[in-house]
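> Following is a predicted model, sequence given first.
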Amino acid sequence: MDSSVCTSWLEIDLSAIQNNIQLLKQMTRKKIMAVVKANAYGHGMPDVVRAAHEAGVEWFGVARIEEALQVLDNAPGARVLVMGYTPPQMVAEAVRRHITLAVYDFDTAAMYSAKASEAGGKASIHIKFDTGMGRLGYNQPDTVDFARRVIELPNLEFGGVFTHFARADEPGQDTTPKQIERFNQVLHNLNQNGIHPPLVHACNTSATLNFPQAYFDMVRTGISIYGISPSKQTILPQGFKPALTFKSRLTSVKTLPAGHGVSYGHYYFTPTEQCIGVVGAGYADGFRRRLHSYALVHGKRVPVVGIVAMDQSMVVLDEVPEAKIGDEVVLIGSQGNEHIGAEDLAADWGTISYEVVCGLSARLPRIYHQ
Ligand SMILES: Cc1ncc(COP(=O)(O)O)c(C=O)c1O
């Protein structure tokens with residue numbers, strides 16, 4: 001699609017994604033699992049998966065089996081781990097497509113085995129241990145017994161073990177070192193009892209940056225692949241490139257007199273006569289219904305004023321006298337020497353960078369550049 005026909009759209013630089021994958025490979029010298037759940041963090045699953053596969057990624061991580069099927073449609077032969085729950089009705093499909101399922105509960109594992117048997121095959125599994133996240137993962141002390149009982153189920157193929165960190169973006173915190181210690185203990189106990197997981201993985205992006213001692217065989221990176229920093233405490237090193245630009249257009253440029261209310265609720269009144277532009281993107285696109293955001297127009301950073309509406313937002317254009325209807329506006333990304341990162345919007349909106357990009361709506365066309 002050509003952006004000239006769009007009012008609001010996303011541009012995704014696939015070479016940035018490939019660059020970021022290469023950096024992660026150089027940094028870790030381990031296998032990379034590209035986490036592409038949630039439509040590749042809003043970037044668009046099919047193209048991101050193809051680009052990552054082309055860049056040598058063998059493993060993909062998703063939350064749900066539907067996403068795993070979408071990965072395989074775009075990267076035939078790739079390996080996919082469904083990190084969440086898989087309903088019984090979908091296990092046959094997992095067996096048929098050789099999708100790996102997460103196991104963290106014996107009854108669910110037994111269900112996977114029974115359904116795999118009905119399907120006439122084996123379900124590939126990775127066992128997940130909860131070492132402190134308090135979410136998915138087996139958290140009882142009898143880890144060896146649990147692993148043995150799961151592995152002995154007749155229709156499961158044991159492919160690996162993993163865990164997930166709760167606070168890896170806070171390098172000064174002792175939570176992650178403790179989780180690593182617990183996970184190492186689990187691995188040691190398994191090994192001592194003759195259980196040798198073919199693949200061990202633990203690190204998300206933050207842990208990959210802050211805890212190299214926990215690389216094991218593979219890192220499970222999401223946000224860094226898209227060139228976005230996980231949090232204020234954990235910033236991506238030089239060389240990583242953001243892949244996504246969120247663009248819109250000015251759809252109106254006009255002067256309002258002093259004291260004029262702007263947008264629903266009149267949360268903003270013009271302090272003097274002001275040139276107010278309307279931008280054709282709003283909360284239905286994922287540009288949150290908040291005050292205090294910024295946009296870039298003609299390479300200048302301009303304030304968003306008034307409350308953001310469903311399809312439209314208002315900006316002050318006094319500093320950009322050349323602005324006219326149809327001009328490009330950047331809501332996330334670079335224009336001239338200015339840059340607004342997903343991280344900046346996250347700070348303005350009181351959330352995390354992940355939520356900013358995952359919230360970019362389906363109605364925004366995604367335009368891909370190589
Ligand atoms: C289990 C698991 N592993 C890895 C990741 C990737 O994390 P990140 O995007 O911080 O690299 C996620 C993302 O939420 C996850 O839930």
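That came through fine.
> from here on, contacts and neighbour counts on C-alpha atoms
Will do.
> got the residue ranges for the helices in the stretch 51-200 of the chain?
Counting by DSSP state H, counting those that start in this stretch, the stretch 51-200 of the chain has helices at residues 65-74, 91-97, 106-118, 143-151, 175-192.
> Give me the distance between the longest one and the centre of its chain.
Meaning helix 175-192. 27 Å (CA atoms, centre = their mean, to the nearest Å).
> out of the helices of the stretch 51-200 of the chain, nearest to S361?
helix 65-74 (17.1 Å; CA to CA).
> Return that closest one as PDB; C-alpha atoms alone will do.
C-alpha atoms of helix 65-74 as PDB (Å, rounded to 0.1, in the frame of the first residue of the first chain):
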ATOM      1  CA  ILE A  65      -2.000 -21.500  19.400                       C
ATOM      2  CA  GLU A  66      -3.800 -19.300  16.800                       C
ATOM      3  CA  GLU A  67      -0.700 -17.200  16.800                       C
ATOM      4  CA  ALA A  68       1.500 -20.200  16.400                       C
ATOM      5  CA  LEU A  69      -0.400 -21.300  13.300                       C
ATOM      6  CA  GLN A  70       0.000 -17.800  11.900                       C
ATOM      7  CA  VAL A  71       3.800 -18.000  12.500                       C
ATOM      8  CA  LEU A  72       4.000 -21.300  10.600                       C
ATOM      9  CA  ASP A  73       2.000 -19.900   7.700                       C
ATOM     10  CA  ASN A  74       4.700 -17.300   7.300                       C
END
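> and that helix, what's its mean pLDDT?
Taken as a whole, helix 65-74 has a mean pLDDT of 98.
> Name the surrounding residues that touch it.
Here helix 65-74 makes contact (CA atoms under 8 Å, 6 or more residues apart in numbering) with 37, 45-47, 49-50, 60-62, 78, 80-82, 86, 90, 94, 97, 99.
> Columns distance to the ligand on top of the helices of the stretch 51-200 of the chain, output as CSV?
Converted to CSV, the helices of the stretch 51-200 of the chain look like this (distance: least, CA to the nearest ligand atom, whole Å):
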stretch, distance to the ligand
helix 65-74, 14
helix 91-97, 19
helix 106-118, 18
helix 143-151, 19
helix 175-192, 14
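> Can you lay out the ones you listed as JSON lines showing mean neighbour count and distance to E11?
Listed next are the helices of the stretch 51-200 of the chain as JSON lines, based on neighbours: other CA atoms under 10 Å; distance: least, CA to CA, whole Å:
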{"stretch": "helix 65-74", "mean neighbour count": "20", "distance to E11": "20"}
{"stretch": "helix 91-97", "mean neighbour count": "20", "distance to E11": "32"}
{"stretch": "helix 106-118", "mean neighbour count": "19", "distance to E11": "40"}
{"stretch": "helix 143-151", "mean neighbour count": "17", "distance to E11": "45"}
{"stretch": "helix 175-192", "mean neighbour count": "17", "distance to E11": "36"}
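> and C203, which of these is closest to it?
helix 175-192 (9.9 Å).
> buried ones in the lowest-mean-pLDDT helix or strand in the chain?
None of the helices or strands of the chain scores lower by mean pLDDT, DSSP states H and E than helix 342-349, at a mean of 95. Across helix 342-349, burial judged by 16 or more other CA atoms under 10 Å covers A342, E343, D344, L345, A346, W349.
> Distance-wise, check the fifth one relative to I32.
Using CA to CA, to the nearest Å, we find A346 at a distance of 26 Å from I32.
> next one: the fourth one
In this structure, L345 and I32 are 28 Å apart, going by CA to CA.
> now check stretch 203-216, is it near the ligand?
Yes. Using CA under 6 Å from any ligand atom, stretch 203-216 reaches the ligand at N204, T205, S206.
> does the last one really touch K232, like I thought?
No. Checked against CA atoms under 8 Å, the pair S206 and K232 is beyond contact range at 11.0 Å.
> returning to that earlier point: and the contacts of helix 65-74, which are buried?
Buried, going by 16+ other CA under 10 Å: 37, 45-47, 49-50, 60-62, 78, 80-82, 86, 94, 97, 99, out of the contacts of helix 65-74.
> What segments of the stretch 251-370 of the chain are strands?
Secondary structure of the stretch 251-370 of the chain (DSSP state E, counting those that start in this stretch): strands at 261-262, 268-269, 274-279, 294-297, 300-305, 313-316, 328-335, 338-340, 366-369.
> Out of the ones you listed, which gets nearest to the ligand?
Between the ligand and these, the tightest spacing by CA to the nearest ligand atom is seen for strand 328-335, at 18.4 Å.
> Please identify the pairing partners of the closest one and their relative orientation?
strand 244-256 (antiparallel), strand 294-297 (antiparallel), strand 338-340 (antiparallel) (DSSP bridges).
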